[in-house]
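> quick one: sequence plus predicted model below, questions after.
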Amino acid sequence: MTPPTALTIAGSDSGGGAGIQADLRTFFAHGVHGLVALTAVTVQNSLGVQGFTEIPADVVAAQIKAVASDMGVDAAKTGMLATAEIIRAVAKTLDEVGGDIPLVVDPVAASMTGHALLREDALEAIRTELFPRATLITPNLDEVRLLTGISVTSPASQREAAEALLAFGSRWVLVKGGHMEGSTCVDLLTDGDAVISLSGPRYDTENTHGGGDTMASAITASLAKGASVPDAVAAGKKFIERCVAESYPLGAGVGPVSPFWVLTD
Ligand SMILES: Nc1ncnc2c1ncn2[C@@H]1O[C@H](COP(=O)(O)OP(=O)(O)O)[C@@H](O)[C@H]1O
Ligand SMILES: Cc1ncc(COP(=O)(O)OP(=O)(O)O)c(N)n1
């Protein structure tokens, strides 16, 4: 039987823990066929990002058109988009191939080691071109601060930030709380009416490379299978928790989260 399809529009991580590599292994773990529109080739390892080269915007658009016109896309996800030109091309092309495809926008601005993955003028393009088209946006706390100016330090400021982000036009917002203090990790999901707090244990590990990508692609995979946004996010939270719990050291720096548990579960 043909499985559902999910498209990742994102960069390549030579270390294999984040970017399209994380997305494809997460799609596989969910029984979803992964499609790719590559936006950039990064040079990175466990110690950080040494640089990147972006793919021409027309080639990014052509990849999306090629797979959408032939194979169909049940849900899509954006990760590293690198430049405002690529962001504009992605927004236009997604409109052309079907504006009703569920779209998860992970507004990746920098790696967890602090290296920029987005040219300077591009954050505004994500906000104006992609957020209004998004079913769900999934910023972490650094991205929340860049997008809204709000520093999230408490459940109240997490809620305030979620409301500020909703004003940019996405249907749902997930403010991830992995970088807050405390023994639990609390993510907040809202569409302005429902406000859903997703809480789970905080695992004691430094090896969380690719966590944001893995969570967003797990949500995208569930959307591709027809789940509602709250159900897809709840399932994504369970999935990423287990991936963090079973993360492993690799290289001298930060190791990746791991979806390998699905092979033996
Ligand atoms: N140490 C941890 N233990 C359990 N869950 C975590 C841990 N760190 C992050 N998470 C979860 O992983 C997901 C990604 O979160 P976060 O780290 O905030 O985003 P990003 O990886 O984009 O920086 C969220 O669901 C968060 O709650
Ligand atoms: C190609 C590429 N895309 C995204 C990232 C971000 O990954 P990471 O630094 O691990 O941050 P989160 O996945 O935790 O948001 C990357 N490094 N490379």
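Great, that's in hand. Numbering: from 1, shown residues only. Ligands and ions are numbered 1, 2, ... in the order given.

> so the helix ranked longest in the chain, near ligand 2 or not?
If you go by DSSP state H, the chain has its longest helix at helix 229-245. No - counting by C-beta under 6 Å from any ligand atom, ligand 2 has no neighbours in helix 229-245; the shortest distance is 10.0 Å. For every residue, glycine as well, the C-beta is placed using N, CA and C.

> anything in that helix near ligand 1?
Yes - Helix 229-245 reaches ligand 1 (C-beta under 6 Å from any ligand atom) through K237, I240, E241, V244.

> got the buried residues for that helix?
229, 232-237, 239-244 (16 or more other C-beta atoms under 10 Å).

> hmm, back to that, and the furthest pair within the residues of helix 229-245 next to ligand 1?
By the measure C-beta to C-beta, K237 and V244 form the most distant pair in the residues of helix 229-245 next to ligand 1, at 10.7 Å.

> other SSEs contacting whichever strand or helix holds T93?
Following DSSP states H and E, one finds T93 within helix 84-98. Using 3 or more C-beta pairs under 8 Å, 6 or more residues apart in numbering; DSSP states H and E as the contact test, the elements touching helix 84-98 are strand 33-45, helix 57-70, helix 122-125.

> that one vs ligand 2: in contact?
No - using C-beta under 6 Å from any ligand atom, we find that helix 84-98 stays clear of ligand 2, coming within 13.0 Å at best.

> list the contacts of that helix.
9, 37, 39, 54-55, 57-58, 60-61, 64-65, 68-69, 73, 76, 78, 81, 101, 103, 119, 121-122, 124-126, 129-130, 133 (C-beta atoms under 8 Å, 6 or more residues apart in numbering).

> ok, which of these also contact ligand 1?
Within these, nothing lies near ligand 1 by C-beta under 6 Å from any ligand atom.

> pLDDT for the residues of helix 229-245 next to ligand 1 - can I get that in TSV?
What follows is those, written out as TSV (pLDDT from 0 to 100):
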residue	pLDDT
K237	98
I240	98
E241	98
V244	98
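
> now stretch 175-192, how far from the centre of its chain.
15 Å (C-alpha atoms, centre = their mean, to the nearest Å).

> check stretch 14-21 too.
With C-alpha atoms, centre = their mean, you get 13 Å for stretch 14-21.

> ok, is that stretch in contact with ligand 2 or not?
Yes - using C-beta under 6 Å from any ligand atom, stretch 14-21 reaches ligand 2 at A18, G19.

> tell me which residues are up against that stretch.
Contacts for stretch 14-21 (C-beta under 8 Å, 6+ apart): 8, 10-13, 36, 38, 41-46, 79-80, 111, 209-210, 212-213, 250-251, 255-257.

> touching ligand 1 at all, it?
No - Stretch 14-21 lies out of reach of ligand 1 by C-beta under 6 Å from any ligand atom, never closer than 8.8 Å.

> and the buried ones among the contacts of helix 84-98, selectable in PyMOL?
Selecting the buried subset of those in PyMOL, with 16+ other C-beta under 10 Å as the burial test, is done by:
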select buried, resi 9+37+39+54+55+57+60+61+64+68+73+76+78+81+101+103+119+122+125+126+129+130+133
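
> okay, now the residue in the stretch 51-200 of the chain that ligand 1 sits nearest to: neighbour count?
In the stretch 51-200 of the chain, the residue that lies nearest ligand 1 is G178 (2.3 Å; C-beta to the nearest ligand atom). Neighbourhood size, G178 [other C-beta atoms under 10 Å]: 17.
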